[in-house]
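1. Return a 3D structure for these sequence lines:
(2 chains)
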Number of protein chains: 2
Amino acid sequence: MSSLATPDIPLDPSQEIVVKFDDLHALLVKILVKKGMFQAEAKIAASRLVESDVRGIHSHGSRALPRYIEGMDAGDIDPRAQVTTVKETPAIALLDGGKGLGHVAATKGMQLAIEKARGVGTGTVVVRRGQHFGAAGVYVAMAAEAGMIGFCTTNTGPATVAAYGSRTPAVANPAIAWGVPSRVGPPFILDMACAASSWGRVESLKMYGRPLPAGWALDAAGNETCVAADAKTLQPSAGARGFGLAFMGAVLSGGLSGGRLPMHKTWSVNADGSEHFFYAIDLAQFVEPDRFHADVDSIMQEIRALAPAAGFDKVRMPGDIEAERTDRWKRDGIPLHRDHVNRLGELAAKLKIPVPWAS
Amino acid sequence: MSSLATPDIPLDPSQEIVVKFDDLHALLVKILVKKGMFQAEAKIAASRLVESDVRGIHSHGSRALPRYIEGMDAGDIDPRAQVTTVKETPAIALLDGGKGLGHVAATKGMQLAIEKARGVGTGTVVVRRGQHFGAAGVYVAMAAEAGMIGFCTTNTGPATVAAYGSRTPAVANPAIAWGVPSRVGPPFILDMACAASSWGRVESLKMYGRPLPAGWALDAAGNETCVAADAKTLQPSAGARGFGLAFMGAVLSGGLSGGRLPMHKTWSVNADGSEHFFYAIDLAQFVEPDRFHADVDSIMQEIRALAPAAGFDKVRMPGDIEAERTDRWKRDGIPLHRDHVNRLGELAAKLKIPVPWAS
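-> The predicted structure follows:
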């Protein structure tokens, strides 16, 4: 890979156990129902988690489940939460997630944004008193699946990313995600961290015993480090730009819902809760969908056909690599790190639920 | 400056002429009226141009005027264009800019987005058959001035930024701009290029005889270059992220309005026209404005008070440096490069309009 290439997720069969998509989904549903969730909502949450796993974003998929269950055990995440509507117009809504598992309120948030967009052209939904919603990409994929353009961002956790021009954390590391439907190839799904990397990627590299690329992280003393375990602060991506986008993520979700902004959040992420922002655009209300797809889909195909630079096997649109992985892993099973599988196994054992893999 | 610092705009008093804000504004109005624009619309366009100049974005301010006048002379930009409404709901509108000077349709676009947001919470306005609108930051500043969150992007000109994973241009270099109002300091104004730099910054460095930082540009053969005059293609900012955001800019403005996407645009920028996207959020319909400002404004002040890293005199929010410049240059005059002033002078002379500086 050239120096411009972002390293892909680490993979190493010797450290992994392969789990079937349906088996993993079923296990997650059982765990969540055992913790008190309604079957229908457990299925929604399990779907968002496994969709994240097959995209290769394990850190925001089932690997995060033990943390959510801890939140339920501590009384910070309510498995029976009701999502309620606080304010509403034909174009916007403010939902209250009731501190339930974030994936449920977030799914309802994006569904409502899509519904409003069908009515008046766009829908903007903010969720307050939510919880960590996993991977942002799976929500904009919902919009793309509905034939719409989707955007989402979130406000989770304390400041862990340096301000541009400082080595002190000032913002969190929210995802900024955009989705665009396609009738030809996979949809365009841009799901980007605002720091040089997501924290999930840092955790994955730590789990696989790999070093961090230079320029990503600072240690507790504010010095650059390539040791994943020493990373305490991440540098913003592209300086002022990543810093600015991270701040916007916090304003759109936390600011608009009265949630605390990252510098005022603590390390008790479940107790603090999260806020989310969803925006859907019904493209058919601006332009003939046939015309839109003729233009946008053909450009995506033309870009994919460009000559790759040294270090790249082909040119991909954002989301292509995750779509390829999804197809492959839905068919062949999902390779999960053994530590990840073991933690899920321990959780299942505690709840007396059999696991779908040989232990 | 540390290696992480983006170089600020070049300044060199020995190459500059200082022009008063009001004098420059008045000159631009006279030029535009002489070319057939209505006084009221000429004032709108001149305001957007001079607002850009005092922010330090000369490339997107009055330095661009000679190119717009060429477009009028060639019949590609219509000084008497009518901005018409093609489609409308309470939340969205598609405007037709009639191929008039972009700043007029863009100003009406953001004003309409703000008006719709007052009604239903958000407004989304797409402008088709527009023209280059100058600096995106001045439009999101309009939203911030109205107490709203603003977003805008645009689709101007052919592909000049490499796809991630390729050295071939695949996307243009649109601005992605966000604005957030503040009651304490200046508003948050993030106005970012999607490539490693804006083309305007490259032109400025060329004008001042400065080299480009490494990693920004490729020459005609696809090799890296630091010679501004040799730059033919820019690298995307932060790899897949800048590439992805540039693609989104094109989809939101060009895709949603049936405009051509960058790979299908030509170098005849005026003849091709531009498309724009505006989104305004009335924060008061989500949260108590007092609460919003207590949270967001105080965090901005806390971030500004952080210890600066080596190479920085203080920590700034996006937009701070432009706000400081605006205050200073509105008071003391705007330093413009002599080539910039000379071109405006030639234009004025051709139209028999006296210039407000000693020649």
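2. going forward, measure contacts and count neighbours with C-alpha atoms only.
-> Noted.
3. Now whichever residue of the stretch 151-300 of chain A sits closest to chain B, what are its backbone angles?
-> Going by Cα to the nearest Cα, chain B is nearest to A:Ser166 of the stretch 151-300 of chain A, at 4.4 Å. Backbone torsions for A:Ser166, taken as degrees, to the nearest 10, come to phi -140, psi 170.
4. Hmm, it is touching B:Ala305, no?
-> No: A:Ser166 is beyond contact range of B:Ala305, at 10.1 Å (criterion: Cα atoms under 8 Å).
5. who has more neighbours, these two?
-> Set A:Ser166 next to B:Ala305 and count neighbours by other Cα atoms under 10 Å in any protein chain shown: A:Ser166 wins out with 23 against 12.
6. Local confidence estimate at the more buried one?
-> pLDDT, A:Ser166: 96.
7. Who are the packing partners of the helix or strand containing A:Val126?
-> Here A:Val126, judged by DSSP states H and E, is contained in strand A:122-130. Using 3 or more Cα pairs under 8 Å, 6 or more residues apart in numbering or on different chains; DSSP states H and E as the contact test, the elements touching strand A:122-130 are strand A:92-96, helix A:102-120, helix A:256-257, strand A:274-281.
8. okay, those, which one's buried deepest?
-> Across these, the average number of neighbours (mean count of other Cα atoms under 10 Å in any protein chain shown) peaks for strand A:274-281, which reaches a mean of 31.
9. What is the end-to-end distance of stretch A:49-67?
-> Start-to-end span of stretch A:49-67 (Cα to Cα, to the nearest Å) is 13 Å.
10. Stretch A:188-197 now?
-> OK, stretch A:188-197 end separation, Cα to Cα: 20 Å.
11. what's the answer for stretch A:202-220, then?
-> 15 Å.
12. Any chance of JSON lines for the helices and strands packed on strand A:122-130, columns distance to chain B?
-> JSON lines is the format used below for the helices and strands packed on strand A:122-130 (distance: least, Cα to the nearest Cα, whole Å):
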{"stretch": "strand A:92-96", "distance to chain B": "6"}
{"stretch": "helix A:102-120", "distance to chain B": "6"}
{"stretch": "helix A:256-257", "distance to chain B": "6"}
{"stretch": "strand A:274-281", "distance to chain B": "9"}
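13. nearest to B:Leu245, of those?
-> Closest to B:Leu245 of the helices and strands packed on strand A:122-130, according to Cα to Cα: strand A:274-281, at 16.0 Å.
14. Paired strands for that closest one, with orientation please.
-> strand A:122-130 (antiparallel), strand A:149-155 (antiparallel) (DSSP bridges).
15. Dump it to CSV, restricted to CA.
-> Output in CSV follows, covering the C-alpha atoms of strand A:274-281 (Å, rounded to 0.1, in the frame of the first residue of the first chain):
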residue,chain,number,x,y,z
SER,A,274,-25.5,9.7,23.6
GLU,A,275,-27.4,11.9,21.2
HIS,A,276,-27.9,11.4,17.5
PHE,A,277,-28.8,13.3,14.3
PHE,A,278,-30.4,11.9,11.2
TYR,A,279,-31.2,13.7,7.9
ALA,A,280,-32.9,12.0,4.9
ILE,A,281,-33.4,13.6,1.5
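16. which bits of the stretch 101-250 of chain A sit near chain B?
-> A:120-122, A:124, A:126, A:163-168, A:170, A:178, A:190, A:192, A:237-241, A:244, A:248 (Cα under 8 Å from any Cα of the partner chain).
17. Can you flag the buried ones in the residues you listed?
-> By neighbour count, with 16 or more other Cα atoms under 10 Å in any protein chain shown, these hold A:120-122, A:124, A:126, A:163-168, A:170, A:178, A:190, A:192, A:237-241, A:244, A:248 as buried.
18. just to revisit the earlier point, just the strands paired with strand A:274-281: most buried one?
-> Note that of these, strand A:149-155 is the most buried (mean count of other Cα under 10 Å), with a mean of 31.
19. what about the stretch 251-359 of chain A, any weak spots by pLDDT?
-> A:359 (pLDDT under 70).
20. And the strands in it, which stretches?
-> Remark: strands assigned in the stretch 251-359 of chain A by DSSP state E, counting those that start in this stretch are A:274-281, A:334-337.
21. what pairs with the last one, and is each one parallel or antiparallel?
-> Think strand A:334-337. Strand A:334-337 is paired, per DSSP bridges, with strand A:16-19 (antiparallel).
22. Mind listing what's buried along stretch A:184-196?
-> A:186-196.
23. Secondary structure added to the residues you listed, as a markdown table?
-> Below are these laid out as a markdown table (DSSP: H, G, I helix; E, B strand; the rest coil):
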| residue | secondary structure |
| --- | --- |
| A:Pro186 | coil |
| A:Pro187 | coil |
| A:Phe188 | strand |
| A:Ile189 | strand |
| A:Leu190 | strand |
| A:Asp191 | strand |
| A:Met192 | strand |
| A:Ala193 | strand |
| A:Cys194 | coil |
| A:Ala195 | strand |
| A:Ala196 | coil |
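24. burial measure for A:Leu344, as a count.
-> What A:Leu344 shows, counting by other Cα under 10 Å, is a neighbour count of 22.
25. in chain A, which residue is closest to the centre?
-> A:Ala135 (1.2 Å; Cα atoms, centre = their mean).
26. What strand or helix carries that residue?
-> Here A:Ala135 is assigned to no helix or strand, by DSSP H and E.
27. measure it to chain B for me?
-> Here the criterion is Cα to the nearest Cα, to the nearest Å. By it, A:Ala135 lies 16 Å from chain B.
28. where's the nearest residue to that residue once chain neighbours are set aside relative to A:Val138, distance?
-> Here the nearest residue to A:Ala135 in space, its sequence neighbours aside, is A:His60; by Cα to Cα, 6 or more residues apart in numbering or on different chains that works out to 5.3 Å. For A:His60, the distance to A:Val138 equals 10 Å [Cα to Cα].
29. Kindly report the same for A:Ala40.
-> 18 Å.
30. Those two: which is more packed in?
-> Relative neighbour count places A:Val138 above the other of A:Ala40 and A:Val138, with 25 against 12, counting by other Cα under 10 Å.
31. so who does the more buried one touch?
-> By Cα atoms under 8 Å, 6 or more residues apart in numbering or on different chains, the contact set of A:Val138 is A:48, A:51-52.
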